[in-house]
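**Q** Using only what follows, build the 3D model:
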Amino acid sequence: VQLVESGGDLVQAGGSLRLSCVATGNIFAMNNMAWYRQAPGKARELVAQMSRTGSATYADSVRGRFTMSRNSARYTGTLEMNDLRPEDAAKYFCFADLLSGDTYDDADWFDHWGQGTQVTVRA
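**A** Next up, the predicted model:
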């Protein structure tokens, strides 16, 4: 199973980006999905998460500017980021709790992380 993020780029402050996350492999279901970010010298922080039922929560610093969505049938997720600020610059990571295995009977829940996609915001 792999999670692959894309969409990171260099943007001007006030600009927008759309990050995507795709999970591939022998997947049977997806539970929680989330976006985290990590800036140099800082701890990884939760940006947004969405439950299997579609209930989303956001970090205070991004609420109202970022919107997370997911497609549970396709095991994908997106993070729409608007009004980007220099402090949003970081490597963004996708996380997903996935039911995976060789067969459904052998499947179990595992946490998966993507490799990250870089977001740079120029003031």
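**Q** Might one say that M50 is in contact with M33?
**A** Yes - applying Cβ atoms under 8 Å, one finds M50 in contact with M33, separated by 5.4 Å. All C-beta atoms are positioned from the backbone trio N, CA, C, and that covers glycine.
**Q** more crowded one of those two?
**A** The residue with more neighbours, out of M50 and M33, is M33; 28 against 21, by other Cβ atoms under 10 Å.
**Q** and for M50 and M33, which residues touch both?
**A** M68, R70, G77 (Cβ atoms under 8 Å, 6 or more residues apart in numbering).
**Q** so who does the first one touch?
**A** In other words, M68. M33, W35, A48, Q49, M50, A56, Y58, G77, T78, L79, E80.
**Q** Now the fifth one: closest residue in space, sequence neighbours ignored.
**A** Excluding the flanking residues, the one nearest M50 by Cβ to Cβ, 6 or more residues apart in numbering is A56, at 4.5 Å.
**Q** wait, isn't the one you found in contact with L46?
**A** No - checked against Cβ under 8 Å, the pair A56 and L46 is beyond contact range at 11.8 Å.
**Q** How about the contacts made by the residue sitting furthest away from the middle of the chain?
**A** The centre of the chain is farthest from one residue, D105, which by Cα atoms, centre = their mean lies 28.1 Å away. Going by Cβ under 8 Å, 6+ apart, D105 touches no other residue.
**Q** Please consider this matter closed, and thank you.
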